[in-house]
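# model this:
(2 chains)
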Amino acid sequence: MNADVAAALAARWVRFYTRGLPARVATARRDELASDLFEHRADDQRQGTSRSATGAAILGRIVLGVTADLGWRSRQLAALRSRGLTTRPAGPSVVAVEDHSWLYQRLHTRRCKGCGEHYRRRLPNCPVCKTLKGSSNPDGASIAKLNQSSWR
Amino acid sequence: MLLPLEADILAAGMELRRPGTPEFHGFELAKQLAAGEDARRLTAHGTLYKALGRLADAGLLESRWEDPELGVQEGRPRRRLYTVSGAGQGALAQWRAAQTDGTAPRRVGLEPT
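Predicted coordinates for the structure are as follows:
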């Protein structure tokens, strides 16, 4: 892997794990990584290191730091929650997940194709607009059948 | 009590001090850490910047962003510059003393994250 590709991957990764965080925090982290990547490549170039060796070194630094990056993100989110800046679902009927915890959202919720709200995966339909999961339009007949089911 | 990596960072930061230039940036620190006796790889991004953040939050490092204009003039991104604070120097001295006494618990195994 050459240095350009590895640096682009690193930049992409830092954008990914900083998304949803306060702009000041995310920007500081991204800028610091951008500086590190630039200095790393410039230094290797001065020393005559091959681009592929630089790329491998950068890739190694990304991969070996993934756990620490995610731990850092968790602490940032915890700090936000402690200041009451995000909300967490309180029960199975919660509709909107206005949470910066993208991982929670990806694992436990689905996005309604009707109204766009996120709701718990185990629910059969969107609590807001009643759209059945997998469907893009509310289906009255299906809703009537649903109301008779044990899912209520 | 400092973690081994944190003590290494403070020590490397002290070594990087030059007359008139007590500050260092992240990559410079990573290089200094890798230049140690056991010739390590450069510290992973996540590990390094997480540790720097922890040390800064604890007041053992001071940090500032350099003037963006300087970066523009030199054709590079702006750097975040760190200095080992007085408290950091004290913490490092305490840690070293504890290591010498053999009273400090030693961490072995995986590098702390």
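
# Need the three-state assignment for residue B:82.
Here residue B:82 is strand, with the state taken from DSSP: H, G, I helix; E, B strand; the rest coil.

# right, and it touches residue B:16 too?
No. If you go by CB atoms under 8 Å, residue B:82 and residue B:16 don't touch, sitting 9.2 Å apart. Where C-beta positions appear, they are placed from N, C-alpha and C, glycine not excepted.

# Settle it for me: which of the two has more neighbours?
Using other CB atoms under 10 Å in any protein chain shown, the more surrounded residue of residue B:82 and residue B:16 is residue B:82, with 24 against 19.

# Please list all residues in contact with the more buried one.
By CB atoms under 8 Å, 6 or more residues apart in numbering or on different chains, the contact set of residue B:82 is B:13, B:23, B:24, B:25, B:26, B:29, B:52, B:56, B:61, B:62, B:63.

# Is there a neighbour count for the nearest residue to the fourth one once chain neighbours are set aside? I'd like the number.
Going back to what we said before, that points to residue B:25. Excluding its sequence neighbours, the residue lying closest to residue B:25 (CB to CB, 6 or more residues apart in numbering or on different chains) is residue B:79, at 4.2 Å. Residue B:79: 24 surrounding residues under other CB under 10 Å.

# what about residue B:79, distance to residue A:14?
From residue B:79 across to residue A:14, the span is 16 Å (CB to CB, to the nearest Å).

# mean confidence for the single longest helix found in chain A?
Scanning chain A for the helix with the most residues, using DSSP state H, yields helix A:23-47. Taken as a whole, helix A:23-47 has a mean pLDDT of 95.

# That helix: which residues count as buried?
Burial within helix A:23-47, assessed by neighbour count using 16 or more other CB atoms under 10 Å in any protein chain shown, is assigned to A:26, A:28-29, A:31-41, A:43-44.

# of the contacts of residue B:82, closest to residue A:9?
Comparing the contacts of residue B:82 against residue A:9 with CB to CB places residue B:26 closest, at 18.4 Å.

# list the contacts for the closest one?
Neighbour list for residue B:26: A:32, A:35, A:36, A:39, B:48, B:49, B:52, B:80, B:82 [criterion: CB under 8 Å, 6+ apart].

# now do 10 Å
By CB atoms under 10 Å, 6 or more residues apart in numbering or on different chains, the residues touching residue B:26 are A:32-33, A:35-36, A:39-40, B:43, B:45, B:48-49, B:52, B:63, B:79-82.

# how about these, which pair is most distant?
Longest span within the contacts of residue B:26, CB to CB: A:40 and B:63, 19.3 Å.

# Name the residues of chain B found near chain A, please.
Within reach of chain A by CB under 10 Å from any CB of the partner chain, chain B has these residues: B:25-31, B:41-54, B:57, B:63, B:65-66, B:68, B:71, B:75-80, B:110-113.

# All set now, cheers.
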